[in-house]
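Visitor: Whatever this is, show me its structure:
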Amino acid sequence: EIIFAFACDAFRTTTWDATTFITCGSVLDNFIDYEAVYGTKESGAWNCLRARPELADAFQTGDTRNLTISYNRLAYSEYDAKKSEGYYARPGDETYIYQDRGKDIIGHDETTSGWRVSKWTNLTDAGEAASHCSDGGGANTDFPVLRLAEVKLTYAEALFRRDGAVPDAVDAVNDVRRRAFGSDAGNIAAADLTEEFLMQERLRELYMECLRRTDLIRFGKYTSGYQWQWKGGTAEGKDVHERYAFLPIPEAELSVNPAMKEINSELGF
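Guide: Model prediction:
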């Protein structure tokens, strides 16, 4: 399904960036046996990445792309000691105890809130850690630059923008959703195919693949008209200046082209 990827190898491309950061950065404190879920062997909790509530709320029941985790978990042997902290046991489970996490992210650096994300792992097909993620190692997980699912969704969007909700556009979306739901249960009809739906379907399929910013810019929703938690520095999110749809120009470039500063000033950037 991956058409083109950036190869990441624990021995030949050792780095704390790339997929090492994405996989290890998804591991948060208070999650025993994290290696079984993330495959980040011996990495410990990096306490970096959490799902915003807008992502957690984007999925329907049965959509297997929803790889958010809404709880902490500790060993069952700690049950009595942790009851006062809101930990609880699940019937029939004598391996772990659980504590619900708040869906809202309280603050940028406050990693006890916000749901976990387990889309990215360093697991092999056999469910084992593919490599060590401690000193001298890194993730063995390639980063997809282009996937077939993105091609199908881009094709559907192009058709929709030109011709509306034509059958080929609906079929392309349903090809992606059929894989996600494992059946036709998630299929949509022509009446469901809107610009808003396409924007959010790309979120569901392609989150954490470095595409959301450019998607929102293309749909005209990046700076205004669409909010997410902590956008613009506020918990509820707010519109920001349109200049943020552009990447910063390095000072080295501005120094050799002073006219660029004048143009930016005229545009209010």
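Visitor: so where do the helices sit in the chain?
Guide: 18-25, 34-38, 53-56, 79-82, 148-163, 167-181, 195-206, 212-218, 251-256, 258-266 (DSSP state H).
Visitor: got the CA coordinates for the fifth one in PDB?
Guide: Looking back up the chat, that one is helix 148-163. Below are the C-alpha coordinates for helix 148-163, written out as PDB (Å, rounded to 0.1, in the frame of the first residue of the first chain):
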ATOM      1  CA  LEU A 148      -2.400   4.200  -2.200                       C
ATOM      2  CA  ALA A 149      -5.100   5.500   0.200                       C
ATOM      3  CA  GLU A 150      -3.900   9.100  -0.300                       C
ATOM      4  CA  VAL A 151      -4.000   8.600  -4.100                       C
ATOM      5  CA  LYS A 152      -7.600   7.400  -3.900                       C
ATOM      6  CA  LEU A 153      -8.600  10.300  -1.600                       C
ATOM      7  CA  THR A 154      -6.800  12.800  -3.800                       C
ATOM      8  CA  TYR A 155      -8.500  11.400  -6.900                       C
ATOM      9  CA  ALA A 156     -11.900  11.600  -5.200                       C
ATOM     10  CA  GLU A 157     -11.300  15.200  -4.200                       C
ATOM     11  CA  ALA A 158     -10.200  16.200  -7.700                       C
ATOM     12  CA  LEU A 159     -13.300  14.600  -9.200                       C
ATOM     13  CA  PHE A 160     -15.500  16.300  -6.600                       C
ATOM     14  CA  ARG A 161     -14.100  19.700  -7.200                       C
ATOM     15  CA  ARG A 162     -14.700  19.400 -10.900                       C
ATOM     16  CA  ASP A 163     -17.900  17.300 -11.100                       C
END
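Visitor: buried residues in that helix?
Guide: Within helix 148-163, the residues that count as buried by 16 or more other C-beta atoms under 10 Å are 149, 150, 152, 153, 155, 156, 157, 159, 160. The C-beta positions use only the backbone N, C-alpha and C, and glycine is treated the same way.
Visitor: could those residues go into TSV alongside pLDDT and distance to residue 49?
Guide: As requested, the buried residues of helix 148-163 are exported to TSV (pLDDT from 0 to 100; distance: C-beta to C-beta, whole Å):
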residue	pLDDT	distance to residue 49
149	98	21
150	98	21
152	98	27
153	98	23
155	98	30
156	98	29
157	98	27
159	98	34
160	98	31
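Visitor: and the residue nearest the centre of the chain, what does it touch?
Guide: For the chain, residue 208 is the residue whose C-alpha lies nearest the centre (C-alpha atoms, centre = their mean; 3.2 Å). By C-beta atoms under 8 Å, 6 or more residues apart in numbering, the residues touching residue 208 are 22, 49, 117, 119, 120.
Visitor: Low-confidence stretches in the protein?
Guide: 266-269 (pLDDT under 70).
Visitor: if you set the cut-off to 80 instead, what comes out?
Guide: Applying pLDDT under 80 to the chain picks out residues 13-16, 134-136, 260-269.
Visitor: coming back round to it: among the contacts of residue 208, which are in strands?
Guide: Members of these lying in strands (criterion: DSSP state E): residue 117.
Visitor: which of the contacts of residue 208 lies closest to residue 199?
Guide: For these, the residue nearest residue 199 by C-beta to C-beta is residue 119; the value is 18.8 Å.
Visitor: how near is the closest residue in space to that closest one that isn't next to it in sequence to residue 118?
Guide: In space, and not counting its chain neighbours, residue 119 is closest to residue 67: 4.4 Å by C-beta to C-beta, 6 or more residues apart in numbering. Noted for residue 67: a distance of 5 Å to residue 118, by C-beta to C-beta, to the nearest Å.
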